[in-house]
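Colleague: build me a structure from this.
(chains A and B)
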2 protein chains.
Amino acid sequence: MKKIITIGREFGSGGREFGRRLAEELGIEYYDKEIITGISEHTSLSEEYVKQVIEHIPHNLYPITVGRSFTYVEDNVFKQIQSVYKAQSTIISSMAEKSDCVIVGRCADYILKDLKPYRVFVYADIKSRITRCRERSEQTEHFTDKQLKRRILKIDKNRARYYEFYTGNKWGDKRNYDLCLNTTDTVIKDAVLAVAKIFE
Amino acid sequence: MKKIITIGREFGSGGREFGRRLAEELGIEYYDKEIITGISEHTSLSEEYVKQVIEHIPHNLYPITVGRSFTYVEDNVFKQIQSVYKAQSTIISSMAEKSDCVIVGRCADYILKDLKPYRVFVYADIKSRITRCRERSEQTEHFTDKQLKRRILKIDKNRARYYEFYTGNKWGDKRNYDLCLNTTDTVIKDAVLAVAKIFE
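Modeller: Numbering: from 1, shown residues only, chains lettered A, B, ... in the order given. Next up, the predicted model:
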């Protein structure tokens, strides 16, 4: 069975860890930061800037309808963002053509649709996502649960907007995935061992 | 790991086959028709009538708001339907308390929520559901694809209404399940082998 696996994930659901461990378990490539580096090289934009652009479409870059015509605010920035997405598509496609792999986020499910990847979406309830965030970063000490919840939901909102902007599909809608996995009260390592069986 | 597994499923997605095979694979009980028989015995209603009531709430039994008060049309029928649901809850609860099991449909995920069952939802795209329906029943010969699609969507609509009426939750919403499995282009037998690993 071909093993091109894309992972969409809610922030704090353990989706990235899930992807990394799944690639390890299956002995295939895992692409994450390499995509940022690749885009940076392709576009001559700094990695920091690329990181900011990815998964964040500023509000004022949405098309604004004026009568029957469309106009874009900050045209140059918009073009830059489009070039980042284009470079991302090229890089992700070439990675997936080269060998079996796991790719987390970045509209990879849509970009690779002709290769029919196995599309996973990882999600969890907000309480368990707050707990996971606290476990993996000491910085969260400075936030109350309420503040942390707000940050998590904001990141997800940006992911959803980014995904919907480029794919026209609803982020997290089960119709667009082969498997949706709720990681509330789940040990990611165990979930990986089960899901890996699908590809054996 | 405790193995109380509930399966929600779209009509034609292979969810019932999935449930039966999963129970077989795990060597645990599978409850399906036994529930109907049990309800029939509890309520002294015929199995045929119980079958009709289950997963079908007639429109005119929804509460109708009149000013600030509620009134129910056909009060007796409504009471009968409520008694079927009550008997169903009792039977499903006693089944799950007795031993590990797989229960397909019938709001079992909600009825058993205190036992924290593993909640699976099985779905597929409409094209593959039409194909599955044709494979499993010769009667479908008499229907065009368009007619079959309409029937499938109608059955799902009834399931959704029934589920939402009793649970207050949205049927098929991934938040209410631990695992959502898209069976489009999937051999159910293979999917079962993978999912069974979760419980080993």
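Colleague: mind telling me what element A:K146 is part of?
Modeller: Applying DSSP states H and E as the criterion places A:K146 in helix A:145-167.
Colleague: how distant is that helix from the center of its chain?
Modeller: From the chain centre to the centre of helix A:145-167 is a distance of 11 Å (Cα atoms, centre = their mean, to the nearest Å).
Colleague: what about whichever residue of chain A sits closest to chain B, how many residues nearby?
Modeller: Closest approach between chain A and chain B, counting by Cβ to the nearest Cβ: A:C180, at 3.8 Å. Quick note: C-beta positions are derived from backbone N, CA and C, even for glycine. A:C180 is flanked by 24 other residues according to other Cβ atoms under 10 Å in any protein chain shown.
Colleague: run through the neighbouring helices and strands of the helix holding A:K146.
Modeller: helix A:108-111, helix A:126-136 (3 or more Cβ pairs under 8 Å, 6 or more residues apart in numbering or on different chains; DSSP states H and E).
Colleague: what angle do helix A:145-167 and the following helix or strand past the first one make with each other?
Modeller: Using DSSP H and E, the next helix or strand after helix A:108-111 towards the C-terminus is strand A:118-123. Angle of strand A:118-123 versus helix A:145-167, following axes from the mean of the first three to the mean of the last three Cα atoms, to 10 degrees, is 150 degrees.
Colleague: neighbouring strands of strand A:118-123 in the sheet, and parallel or not?
Modeller: Sheet pairing here is set by DSSP bridges, and for strand A:118-123 it gives strand A:4-9 (parallel), strand A:179-182 (parallel).
Colleague: chain center to that strand, what's the gap?
Modeller: On Cα atoms, centre = their mean, the centre of strand A:118-123 falls 10 Å from that of its chain.
Colleague: contact partners of it?
Modeller: Outside strand A:118-123, the residues within contact range by Cβ atoms under 8 Å, 6 or more residues apart in numbering or on different chains are A:3-10, A:13-15, A:18, A:109, A:172, A:174, A:176-183, A:195, A:198-199, B:174-175.
Colleague: check stretch A:135-146 too.
Modeller: A:130, A:133-134, A:148, A:151.
Colleague: thinking again about what came up before, distance of the residue of chain A closest to chain B from B:F18?
Modeller: Per Cβ to Cβ, to the nearest Å, A:C180 is found 15 Å from B:F18.
Colleague: for A:K127, same thing?
Modeller: In terms of Cβ to Cβ, A:K127 sits 30 Å off from B:F18.
Colleague: mind saving the C-alpha coords of stretch A:5-20 as CSV?
Modeller: Taking Å, rounded to 0.1, in the frame of the first residue of the first chain, the C-alpha atoms of stretch A:5-20 are listed here in CSV:
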residue,chain,number,x,y,z
ILE,A,5,-0.2,10.4,4.6
THR,A,6,-1.3,13.9,5.3
ILE,A,7,-2.3,15.1,8.8
GLY,A,8,-4.5,18.0,9.6
ARG,A,9,-4.7,18.8,13.2
GLU,A,10,-6.2,21.1,15.8
PHE,A,11,-3.7,23.0,17.9
GLY,A,12,-2.8,21.1,21.0
SER,A,13,-4.3,17.8,19.8
GLY,A,14,-0.9,16.1,19.5
GLY,A,15,-1.2,16.0,15.7
ARG,A,16,2.4,16.9,15.1
GLU,A,17,3.7,14.3,17.5
PHE,A,18,1.3,11.8,16.0
GLY,A,19,2.7,12.5,12.5
ARG,A,20,6.3,12.3,13.6
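Colleague: pLDDT on it, on average?
Modeller: Average pLDDT, stretch A:5-20: 95.
Colleague: ok, stretch A:98-110 next?
Modeller: 93.
Colleague: and the nearest residue to A:E34 once chain neighbours are set aside, what does it touch?
Modeller: Excluding its sequence neighbours, the residue lying closest to A:E34 (Cβ to Cβ, 6 or more residues apart in numbering or on different chains) is A:M95, at 7.7 Å. Residues near A:M95 by Cβ under 8 Å, 6+ apart: A:29, A:31, A:34-35, A:101, A:103.
Colleague: same thing but 10 Å
Modeller: Listed by Cβ atoms under 10 Å, 6 or more residues apart in numbering or on different chains, the contact partners of A:M95 are A:4, A:29, A:31, A:34-35, A:38, A:101, A:103, A:108, A:112.
Colleague: spell out for me the ChimeraX command that would select the buried members of the residues you listed.
Modeller: Buried subset of these, written as a ChimeraX selection, criterion 16 or more other Cβ atoms under 10 Å in any protein chain shown:
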select /A:4,29,31,35,38,101,103,108,112
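Colleague: inside strands: which ones of the contacts of A:M95?
Modeller: When strands are assigned by DSSP state E, the members of the contacts of A:M95 inside them are A:4, A:29, A:31, A:101, A:103.
Colleague: quick one: the last one and A:I35 touch, right?
Modeller: Yes. Under the criterion of Cβ atoms under 10 Å, A:I103 makes contact with A:I35 at 7.6 Å.
Colleague: need the residues touching each of the two.
Modeller: Shared contacts of A:I103 and A:I35, defined by Cβ under 10 Å, 6+ apart, are found at A:92, A:95.
Colleague: need the max-distance pair from the ones in strands among the contacts of A:M95.
Modeller: The most widely separated members of these are A:I4 and A:Y31, with 10.8 Å between them, by Cβ to Cβ.
Colleague: which residues are in contact with both of those two?
Modeller: Joint contacts of A:I4 and A:Y31 (Cβ under 10 Å, 6+ apart) are A:95-96, A:101-103, A:108.
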